[in-house]
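S.K.: okay, sequence plus prediction incoming.
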Amino acid sequence: MFLKRIELQREKISSFQSYPFSIPVMKHFHRLDLKSHVTFFVGENGSGKSTLLEAIADKCDFNTAGGGRNNYYEVDASESALGDYIRLSWLPKVSNGFFLRAESFYQFASHIDAIGTFDAYGGRSLHHQSHGEAFLSLFTNRFNKKGIYLLDEPEAALSPQRQLSFLAILHDLVSTGDSQFIIATHSPILLGYPHGTIFSFDQDVIKEIDYEQTEHYQLTRHFLENRELFLREILGE
């Protein structure tokens, strides 16, 4: 592991009434200690998980539009509102890595085409691959050096089978001890990775929970076991 701790510099904050400090978990956030090579952030949209992930990317000097330190392009509303207010503790510090924003991956692929470096991503333009293929091409070709990798909803382009393929890639990378991942996700498949730590953002404080405690697991399991009942209630039939 490289990144050990994330701290909110509360003394810099003049008010907790405006975004992003108005987010419930941010009002109570002081520090988060990371203890495994794979950390998952879970929670409803708006709970603050992507906001914190983006702030970490900002402090790593990654492009907060998506990419690494050397990817220079812009996407509207991609600036981090929290980056100036957190402190990262490293041992040792690493500079290599990547920030994946699923929502701006198209712009990242266009950037790679524009600078002519798609050879580093499997030899084909990411635009000439399916969305899922392009994501896996990124994972297999770019995530191959010692570094920290920040992924915001990587399951957005991955079928269930490709999510399992990603878990195999992730495990190979972390087994060498050279990679650390922080992943914001809604996927019960990705959350099932056995060697990760899960932090929930759904309460007023960030809380470590077990896989079986996640709403993603519980709701998916209950739906699969009681599909007809769920559908009758939802559809009013």
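M.R.: Structure's in. What do you need?
S.K.: could you check how far the helix or strand bottoming out on mean pLDDT in the chain is from the centre of its chain?
M.R.: Lowest mean confidence among the helices and strands of the chain (mean pLDDT, DSSP states H and E): helix 105-115, at a mean of 71. Here the centre of helix 105-115 is set off from its chain's centre by 20 Å, with C-alpha atoms, centre = their mean, to the nearest Å.
S.K.: quick check: what element follows it along the chain?
M.R.: helix 131-142 (DSSP states H and E).
S.K.: return the set of residues that bridge with the residue nearest to Ile209 when sequence neighbours are not counted.
M.R.: Distances taken as C-beta to C-beta, 6 or more residues apart in numbering place Ser200 nearest to Ile209, at 4.9 Å, with adjacent residues excluded. Just so you know, the C-beta spots here come from the backbone N, C-alpha and C atoms, and that holds for glycine as well. On the basis of DSSP bridges, Ser200 is bridged to Val42, Lys207.
S.K.: was I right about Ser200 contacting Ile206?
M.R.: Yes - counting by C-beta atoms under 8 Å, Ser200 does reach Ile206; the two are 7.1 Å apart.
S.K.: may I see the buried residues of the least confident helix or strand of the chain?
M.R.: Across helix 105-115, burial judged by 16 or more other C-beta atoms under 10 Å covers Phe105, Gln107, Phe108, Ala109, His111, Ile112.
S.K.: and for stretch 225-237?
M.R.: Using 16+ other C-beta under 10 Å as the test for burial, stretch 225-237 gives no buried residues.
S.K.: distance between it and the chain's centre?
M.R.: Distance, stretch centre to chain centre, for stretch 225-237: 32 Å (C-alpha atoms, centre = their mean).
S.K.: contacting residues around that stretch?
M.R.: For stretch 225-237, contacts defined as C-beta atoms under 8 Å, 6 or more residues apart in numbering pick out His222, Phe223.
S.K.: C-alpha coordinates for it, CSV please?
M.R.: What follows is stretch 225-237, C-alpha atoms only, in CSV (Å, rounded to 0.1, in the frame of the first residue of the first chain):
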residue,chain,number,x,y,z
GLU,A,225,-34.9,-14.7,-4.4
ASN,A,226,-38.2,-12.9,-4.6
ARG,A,227,-38.4,-11.6,-8.2
GLU,A,228,-42.1,-12.0,-8.7
LEU,A,229,-43.0,-10.3,-5.4
PHE,A,230,-40.7,-7.4,-6.1
LEU,A,231,-42.1,-6.9,-9.5
ARG,A,232,-45.7,-7.0,-8.3
GLU,A,233,-45.0,-4.4,-5.7
ILE,A,234,-43.1,-2.1,-8.1
LEU,A,235,-45.4,-2.5,-11.1
GLY,A,236,-48.6,-2.5,-9.0
GLU,A,237,-49.7,-5.8,-10.6
